[in-house]
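J.: Give me coordinates for this.
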Amino acid sequence: MVDGRQGALVVIPARGGSKGVPRKNLRLVGGLSLVERAVAAARRSAGVTSVVVTTEDDEIAEVSARAGAAVVRRPEELSADDSTSESAVLHVLGSLVRAGRQPESVTALLQCTSPFVPPYALSRAIERVHRGEADVVLSVVPNHSFLWRGDAGTLTALNHEQSRRERRQERQAEFKETGAFYVMRTSGLLAHRHRFFGRIMGQEVPPLTALEIDSVDDLAAARAIAWLAADEAPIDVDALVTDFDGVHTDDRASVDQDGRESVTVSRSDGHGISMLRRAGVRVAIMSTETNPVVAARASKLGVVAMQGLQDKASQLRSWISSEGLDPRRVAYLGNDVNDIECMQAVGWPIAVADAHPTAIAAARAVLAARGGMGAVREACERILAGRTR
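T.: Sure thing, here's the model as predicted:
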């Protein structure tokens, strides 16, 4: 077979069954499902010309198509627990050929189980295969660990002399396969029928991005660090909805002798909202409580205020529908556990820097600023950057 057309095909296996974490590929990390994160990483990588999700699952197929991937339906016999990733990739290549389309000269296997794939690293790996530096490039992290083999009672040194403990800088680095991506020369993959052939090279990725999700504990860890592994991508949306306490304020209130409350807000937040409104982005404030302070602040800013809400998420969905907005193009900025349902209802869940850990775990973006300390302004600037790309 000829080498194929220019570019790179990225194949993302995403079956519906999973024993360790049920429905794993649809679980959220940083506000996006694992399959959506994989599709987004592939689409943002230079050199990628096609992104295909292979699945037997209807819901995964629908989510993947919405995220911008083509979908190839995988037969059940290739979707079992013991089915190999290669079998899924080869099935996609065969489907393309049967449809009369010549596959790209480079094929990448991208795993949903690695939620923090750096697009620049995938791009570099594709470039290295295109240039003939390697037949296969896989994602790796350097490893200087001292390894031992055996059981807890009897251990034997595996990669070092147990009588001499070398310093880290004296040890030659080994490389750990992260499982995130494997970039291959397509003709070689078709000839060998597996992902390791010819000259194999490693593409280093930052250790923070190397987490692979195989268990519920791995998923919890990924959610906890998602904001650390996120980039500073502009937030491209048509509307911003915010909580009030802990977002526009520092979550503290002053009470005078007559029981009247007052809070402190940031003037820079107000300027950010003004710029956002002039750019045509709709803005609204939501609050569980009914408080004249919220109404007064919203009036000054010229934005909608929804207060006294027992079910904020339902009200948010209703407002999005009434405004004719696409939920995927709405941002919600929150700080606490009662914001999580709202965060899950939009495409861009955002948390302030000092948000509750569960809100941070649900966020697609975590701001550098704290609530009441310019967080709203920072969110506005990220949104404005998204509209001027």
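J.: Next, count neighbours for the residue nearest to residue 255 when sequence neighbours are not counted.
T.: Distance criterion Cβ to Cβ, 6 or more residues apart in numbering; nearest residue to residue 255, sequence neighbours excluded, is residue 261 at 5.5 Å. C-beta here means a position set from N, CA and C on the backbone, and glycine is covered the same way. Residue 261 has 11 neighbours, counted by other Cβ atoms under 10 Å.
J.: Residue 261 contacts residue 254, correct?
T.: Yes - using Cβ atoms under 8 Å, residue 261 is in contact with residue 254, at 6.9 Å.
J.: Neighbours of residue 191, how many?
T.: The number of residues packed near residue 191 is 11, by other Cβ under 10 Å.
J.: okay, the helix or strand where it lies in PDB with CA atoms only?
T.: Assigned by DSSP states H and E, residue 191 belongs to helix 186-192. Extracted C-alpha coordinates of helix 186-192, given in PDB (Å, rounded to 0.1, in the frame of the first residue of the first chain):
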ATOM      1  CA  THR A 186       0.200   4.000   8.600                       C
ATOM      2  CA  SER A 187       1.800   1.700   6.200                       C
ATOM      3  CA  GLY A 188       3.900   0.100   8.900                       C
ATOM      4  CA  LEU A 189       0.900  -0.300  11.200                       C
ATOM      5  CA  LEU A 190      -1.000  -2.100   8.400                       C
ATOM      6  CA  ALA A 191       2.000  -4.300   7.700                       C
ATOM      7  CA  HIS A 192       2.800  -5.300  11.300                       C
END
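J.: which SS state does residue 198 fall under?
T.: Reduced to three states with DSSP: H, G, I helix; E, B strand; the rest coil, the structure at residue 198 is coil.
J.: Would you quantify the distance from the closest residue to it other than its chain neighbours to residue 298?
T.: Of all residues not flanking residue 198 in the chain, residue 135 sits nearest, at 2.9 Å (Cβ to Cβ, 6+ apart). To residue 298, residue 135 is 60 Å away according to Cβ to Cβ, to the nearest Å.
J.: same thing with residue 93?
T.: For residue 93, the distance to residue 298 equals 55 Å [Cβ to Cβ].
J.: do residue 377 as well
T.: 16 Å.
J.: Same check on residue 240?
T.: Here residue 240 is placed at a distance of 13 Å from residue 298 (Cβ to Cβ).
J.: These two: which has the busier surroundings?
T.: The residue with more neighbours, out of residue 240 and residue 298, is residue 240; 28 against 21, by other Cβ under 10 Å.
J.: ok but that one is inside a helix, no?
T.: No - secondary structure of residue 240 (three-state DSSP): strand, not part of a helix.
J.: so it touches residue 277, yeah?
T.: No - with contact defined as Cβ under 8 Å, residue 240 does not count as touching residue 277 (9.8 Å).
J.: I'd like to know how far the residue nearest to residue 198 sits from residue 195.
T.: Separation of residue 135 from residue 195 (Cβ to Cβ) stands at 10 Å.
J.: any shared contact partners between the two?
T.: Contact criterion Cβ atoms under 8 Å, 6 or more residues apart in numbering; residues shared by residue 135 and residue 195: residue 184.
J.: does residue 363 really touch residue 355, like I thought?
T.: Yes - in terms of Cβ under 8 Å, residue 363 counts as a neighbour of residue 355; the distance is 7.3 Å.
J.: Just list the residues touching the closest residue to residue 61 other than its chain neighbours, thanks.
T.: Nearest non-adjacent residue to residue 61, counting by Cβ to Cβ, 6+ apart: residue 71, 4.7 Å away. Residues near residue 71 by Cβ under 8 Å, 6+ apart: 52-55, 61, 64-65.
J.: Now those residues in a markdown table, please, with extra columns for secondary structure.
T.: Below are the contacts of residue 71 laid out as a markdown table (three-state DSSP):
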| residue | secondary structure |
| --- | --- |
| 52 | strand |
| 53 | strand |
| 54 | strand |
| 55 | strand |
| 61 | helix |
| 64 | helix |
| 65 | helix |
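J.: got those as a markdown table, with distance to residue 19, neighbour count and pLDDT columns?
T.: Converted to a markdown table, those look like this (distance: Cβ to Cβ, whole Å; neighbours: other Cβ atoms under 10 Å; pLDDT from 0 to 100):
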| residue | distance to residue 19 | neighbour count | pLDDT |
| --- | --- | --- | --- |
| 52 | 25 | 24 | 98 |
| 53 | 21 | 33 | 98 |
| 54 | 19 | 27 | 97 |
| 55 | 17 | 26 | 96 |
| 61 | 21 | 21 | 97 |
| 64 | 22 | 27 | 97 |
| 65 | 26 | 13 | 97 |
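J.: Those residues: which two are farthest apart?
T.: Greatest spacing in the contacts of residue 71, by Cβ to Cβ: 54 and 65 (12.7 Å).
J.: Next, work out how far apart residue 268 and residue 376 are.
T.: Per Cβ to Cβ, residue 268 is found 8 Å from residue 376.
J.: higher neighbour count, those two?
T.: residue 376 (30 against 17).
J.: Might you report the residue contacts of that one?
T.: Residue 376 neighbours (Cβ under 8 Å, 6+ apart): 242, 247-248, 266, 269, 272-273, 333.
J.: Where strands are concerned, which of those residues count?
T.: Residues of the contacts of residue 376 located in strands (DSSP state E): 242, 333.
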